[in-house]
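Engineer: Provide a 3D model corresponding to the input given below.
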Amino acid sequence: MMRSLLLLLILIILTSCQPVLKKLYGIKKPGTENEISLKKKAIKFGLDTTGIVAVNGTDFLQFMKGRGIPDGAIYDAGGRYIEYRQTDSSCNAGLFNFIPSLELTGNYNRPDSLPLQEQWKKFRDLRGRELSYPEPADFYLLIYWTVWTGRLNKDHAKIWEDLARQNTKCRIRVIKVNLDIQEWWEAEFRKEMEKAMR
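Structural biologist: The predicted model follows:
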């Protein structure tokens with residue numbers, strides 16, 4: 001009897017904490033964003049408003065599939081993906097140590113993956129226009145973020161951006177890839193995504 005009561009109490013505590021944690025971290029239901037709202041939120045989270053791109057609507061589901069948010073990806077100067085995770089099931093916490101350790105002479109795991117040049121074709125500026133390829137750098141750090149993940153952006157995305165700037169051993173270009181629903185997407189697809197994510 002005591003064991004059942006304890007189990008019930010734990011279940012009540014765990015389910016009632018979820019709304020508290022969501023409120024504490026500012027996590028909300030995804031909404032439609034535009035250039036102005038994204039830059040405003042980026043400033044609120046302490047992110048630099050330069051280097052923010054969005055995913056084209058046709059590629060959105062591919063980017064969201066199986067991805068934790070915030071998340072990151074690292075590419076070398078040639079656009080080859082560098083795996084920073086120790087295992088396939090590792091979370092993004094490895095970036096906190098990996099970004100400061102990046103250096104030109106480093107030996108990195110480069111699995112066969114879609115190069116940055118191909119990924120770049122899926123990105124747009126915050127008004128939906130095609131982008132030119134980013135300026136040369138030793139490494140490219142793509143930070144995937146959303147407005148609806150709230151304070152996690154300060155605890156992860158901002159810190160990763162700062163760590164990249166502080167690394168004096170190499171030039172790291174930071175590109176913040178926003179994965180919110182975009183106002184400039186085709187109307188029918190946008191409405192479908194809004195409905196699915198609520």
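
Engineer: I figured Y81 was touching P111, is that so?
Structural biologist: Yes: contact criterion C-beta atoms under 8 Å: Y81 and P111 qualify, at 6.7 Å. All C-beta spots, glycine's among them, are computed from the backbone N, C-alpha and C.

Engineer: These two: which is more packed in?
Structural biologist: In this view Y81 and P111 are compared by other C-beta atoms under 10 Å, and Y81 has more residues nearby, 21 against 8.

Engineer: Now do the same contact list for R165.
Structural biologist: Applying C-beta atoms under 8 Å, 6 or more residues apart in numbering, one finds that R165 lies in contact with I172, V174.

Engineer: Which strand residues bridge the residue nearest the centre of the chain?
Structural biologist: Centroid-nearest residue in the chain: Y144, 1.7 Å away (criterion: C-alpha atoms, centre = their mean). Beta-bridge pairing for Y144 (DSSP bridges): D71, V177.

Engineer: Contact partners for it?
Structural biologist: F63, R67, I69, P70, D71, G72, A73, V177, L179.

Engineer: Check these against P136 and report the nearest one.
Structural biologist: A73 (18.0 Å; C-beta to C-beta).

Engineer: Quick check on the nearest residue to that closest one once chain neighbours are set aside: phi, psi?
Structural biologist: Once flanking residues are discounted, A73 sits nearest to L142: 4.4 Å by C-beta to C-beta, 6 or more residues apart in numbering. Backbone torsions for L142, taken as degrees, to the nearest 10, come to phi -100, psi 120.

Engineer: what sits against L142?
Structural biologist: L142 touches G72, A73, I74, Y75, Q119, I175, K176, V177, counting by C-beta under 8 Å, 6+ apart.
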